[in-house]
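Asks: Mind looking at a prediction? Sequence and model below.
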Amino acid sequence: MPKVSRSRKPPPEGWELIEPTLDELEMKMREASAESHEGKRKCESVWPIWRITHQKSRYIFNLFYKRKVISRELFEYCLKEGYADKALIAKWKKPGYESLCCVACIQTTDTNHGTTCICRVPKHKLPEGKLVECIHCGCRGCGH
């Protein structure tokens, strides 16, 4: 995986507080992308990458919107530099999408019947004992 180029602009104040966590998640991302995909389905090989991307985005989202620890300038810097998924964070702010796993799960163009992914169906509406696993990211149910 090629290294992501970052801007030459120095990071805003407060970056030193979140940098270790983001570096750790970046290392996990590199390990996941280098991991062997022998014996896995094609879609299963990218599931760890989706999970780490979700984790990084949720970390930055919680710091800014829930805990109010980082500044707007730092939040926008993280989005601009690609540390978090801007589209996913925009969906998390809307009612009903607070626990969305990935944006691919709500795109109706990727399914045969023009509906959202099976992981968006609430668990109480699924047959009992049925194992649900998203084809896009491996989510086991982000619908309430």
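Replies: Yes, it's here.
Asks: who's in contact with residue 95?
Replies: Going by CB atoms under 8 Å, 6 or more residues apart in numbering, residue 95 touches no other residue. Backbone N, C-alpha and C define where each C-beta goes, glycine included.
Asks: ditto for the one 10 residues further on
Replies: Under the criterion of CB under 8 Å, 6+ apart, the neighbours of residue 105 are 116-117, 119-120, 134, 136-137, 139, 142.
Asks: do the same with residue 46
Replies: residue 137.
Asks: Let me know the distance separating it from residue 36.
Replies: In this view, residue 46 and residue 36 are 13 Å apart by CB to CB, to the nearest Å.
Asks: do the same with residue 123
Replies: Residue 123 is 32 Å from residue 36, by CB to CB.
Asks: The two: which is more packed in?
Replies: Higher neighbour count among residue 123 and residue 36: residue 123, with 13 against 7, using other CB atoms under 10 Å.
Asks: Show residues contacting stretch 116-129.
Replies: 101, 104-108, 111, 132-136, 139-144.
Asks: all strands for the protein, in order.
Replies: With strands called from DSSP state E, the chain shows none.
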